[in-house]
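Peer 1: Quick one, fold the following:
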Amino acid sequence: MRADNNIPGALSILKGAVPDRARGLGYTAPTYVSRFPGSIYPTARAAPVFLGKRRRMIDDSMEETKAALRRKALAARAALPQAFRDDAAQAVCRHFFDEITLKPGEIVAGYWRIRDELDCQPILVRLMDSLQPVVLPVVLGPGERLELRLWEQGAALYPSGFGTLAPSELAPQAEPDVVLVPLLGFDSAGTRLGYGGGYYDRTLAGMTKKPRLIGLAYAAQELEAIPREAHDIPLDAVVTEAGVRRFGEA
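Peer 2: A predicted model of the protein is given here:
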């Protein structure tokens, strides 16, 4: 029998980023890497083979670059002391509510942190206290979109795999107006570096509206430049302990 975790007690439990109910999947979040979209080379009998090799070479080169950036970002994040992480989460919460405007009724998608990601829970607590609608993501399986379940006022949260919590499977689903996105790294152009699972990319691509994308990170996670592919949706803003960086209309 699973134990209910009612508001606000459940929020005091530090758990993992995107709840995953499928045993053995682990957590692989954001950035999805697909094939290079095309080429301008003229058509010829041998072109399909040539273009196929070229695409693979471009893909391999970009993936090697991203893999190196992921290692760098992970190392920078892991080096931060726990006391600094705790203070940073509170600072990010203050900056978020001071500088990001939310309209009444706008739905905000949060997340549960995993390992040393920036903790989103101070923001979630304040959103729930102010009666702002909140959805939490659940991974259904590899290659699937995230299921965004509405966390209704007074509703319990349940274990959802890997020590995470999520609303019941019977909870309504809703498309968010604002998405708080965990990430490995970001750059000055608002490009986001994720873990390579593609969950957020697939989910955003399937929405009927474009939400504002707000990355939550430590300032140490900023990278000089991150390769961006055609399907990569840039962040509108990123909030760190140092303040808010805007890249669009956030």
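
Peer 1: Can you list the low-confidence ranges for the chain?
Peer 2: For the chain, the stretches with pLDDT under 70 are 1-60, 161-164, 249-250.

Peer 1: At which residues are the strands of it located?
Peer 2: With strands called from DSSP state E, the chain shows them at 108-109, 134-139, 146-150, 158-159, 165-166, 178-181, 185-186, 192-193, 212-216, 237-240, 243-246.

Peer 1: Among those strands, which comes closest to Thr203?
Peer 2: The closest of these to Thr203 is strand 146-150. By Cβ to Cβ, the value is 4.4 Å. Glycine gets a C-beta too; all of them are placed from N, C-alpha and C.

Peer 1: what does that closest one contact?
Peer 2: Strand 146-150 has contacts (Cβ atoms under 8 Å, 6 or more residues apart in numbering) with 18, 107, 109, 133-140, 166-169, 171-176, 199-200, 202-203.

Peer 1: Check the offset of it from the chain's centre.
Peer 2: 13 Å (Cα atoms, centre = their mean, to the nearest Å).

Peer 1: how long is stretch 148-165 from one end to the other?
Peer 2: 13 Å (Cα to Cα, to the nearest Å).

Peer 1: Kindly apply the preceding question to stretch 213-226 instead.
Peer 2: 17 Å.

Peer 1: what's the answer for stretch 108-120, then?
Peer 2: Distance between the two ends of stretch 108-120: 12 Å, counting by Cα to Cα.

Peer 1: can you pull the buried residues of that stretch?
Peer 2: Neighbour counts over stretch 108-120 (16 or more other Cβ atoms under 10 Å) mark Val108, Ala109, Gly110, Tyr111, Trp112, Arg113, Ile114, Glu117, Leu118, Asp119, Cys120 as buried.

Peer 1: farthest pair in the residues you listed?
Peer 2: Val108 and Ile114 (19.3 Å).

Peer 1: Which residue ranges of this protein form helices?
Peer 2: 47-78, 82-99, 121-129, 199-205 (DSSP state H).

Peer 1: and Glu229, which of the ones you listed is closest to it?
Peer 2: Closest of these to Glu229 is helix 47-78, at 7.3 Å (criterion: Cβ to Cβ).

Peer 1: follow-up on the earlier one: can you tell me which of the contacts of strand 146-150 are classed as buried?
Peer 2: Buried among these by 16+ other Cβ under 10 Å: 18, 107, 109, 133-139, 166-167, 171, 176, 199-200, 203.

Peer 1: In contact with the closest residue in space to Val134 that isn't next to it in sequence, which residues?
Peer 2: Spatial nearest neighbour of Val134, excluding adjacent residues (Cβ to Cβ, 6 or more residues apart in numbering): Trp151 at 4.7 Å. For Trp151, the contact set (Cβ under 8 Å, 6+ apart) comprises Met128, Val134, Val135, Leu136, Leu157, Pro167, Ala171.

Peer 1: Give me the neighbour count for Leu131.
Peer 2: By other Cβ atoms under 10 Å, the residues close to Leu131 number 10.

Peer 1: what's the nearest residue to it if we skip its chain neighbours?
Peer 2: Gln153 (6.7 Å).

Peer 1: List phi and psi for that neighbour.
Peer 2: phi -60, psi 130 (degrees, to the nearest 10).
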